[in-house]
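[1] Prediction below, plus the sequence it came from.
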Amino acid sequence: MDGTQDAARDGATEQVRTDSAVEPMPPFMSRTAVRRLSWAIAWVMPVIALAVGIALTASGTSEVWTPVGDDTYDVTLLAVWPVGLVLLAVGALGLIAAAIATAVMTSDRAE
């Protein structure tokens, strides 16, 4: 046994290395499943954004009723059409991007 200061540290690192030799966990999902899930998300999210954007743009405003007492309510109108337009644009651009990525990834590559 070595009497230097580094001897204690060397023994500690060796002990940590032998204790941490745990077998790696198996992958949760296979590569194919991950790829299918990512493509599904890439197509579903823009479609949802497009549908919500259409609904918000079509409605235009949203009413918020606040009770003030004696069966009376204060009505506030909120304009939601700007958010609808943004979601329409996001959905359209997302669908275009997913279509381009699908076309590029599924085409045959020249070797």
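    Here it is on my side, so go on.
[2] where does this structure have low pLDDT?
    1-29, 109-111 (pLDDT under 70).
[3] Please repeat the previous calculation with a cut-off of 80.
    Counting by pLDDT under 80, the chain shows low-confidence ranges at 1-31, 106-111.
[4] Spell out for me which residue occupies the centre of it.
    Ile41 (8.3 Å; C-alpha atoms, centre = their mean).
[5] What strand or helix carries that residue?
    Taking DSSP states H and E as the criterion, Ile41 maps to helix 31-59.
[6] buried sites along that helix?
    42, 46, 49-50, 52-53, 56-57 (16 or more other C-beta atoms under 10 Å). (Glycine included, C-beta is placed from N, CA and C.)
[7] Nearest to Val75 among those residues?
    Looking at these and their distance to Val75, the nearest is Leu56, at 19.0 Å (C-beta to C-beta).
[8] Quick check: that closest one vs Ile41, distance?
    22 Å (C-beta to C-beta, to the nearest Å).
[9] Could you do Gly91 as well?
    Taking C-beta to C-beta, one finds Gly91 at 14 Å from Ile41.
[10] mind listing the strands in the chain by residue range?
    61-69, 72-79 (DSSP state E).
[11] Show me what the longest one is in contact with.
    Outside of strand 61-69, the residues within contact range by C-beta atoms under 8 Å, 6 or more residues apart in numbering are 73-81.
[12] Kindly report the same for the last one.
    Contacts with strand 72-79, where a contact means C-beta under 8 Å, 6+ apart, come from 60-68.
[13] circling back: tabulate the buried residues of helix 31-59 (a markdown table), appending distance to Ser30.
    Formatted as a markdown table, those follow (distance: C-beta to C-beta, whole Å):
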| residue | distance to Ser30 |
| --- | --- |
| Ala42 | 18 |
| Pro46 | 26 |
| Ala49 | 29 |
| Leu50 | 31 |
| Val52 | 32 |
| Gly53 | 35 |
| Leu56 | 38 |
| Thr57 | 41 |
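[14] number of nearby residues for Gly84?
    Neighbours of Gly84 under the rule other C-beta atoms under 10 Å: 19.
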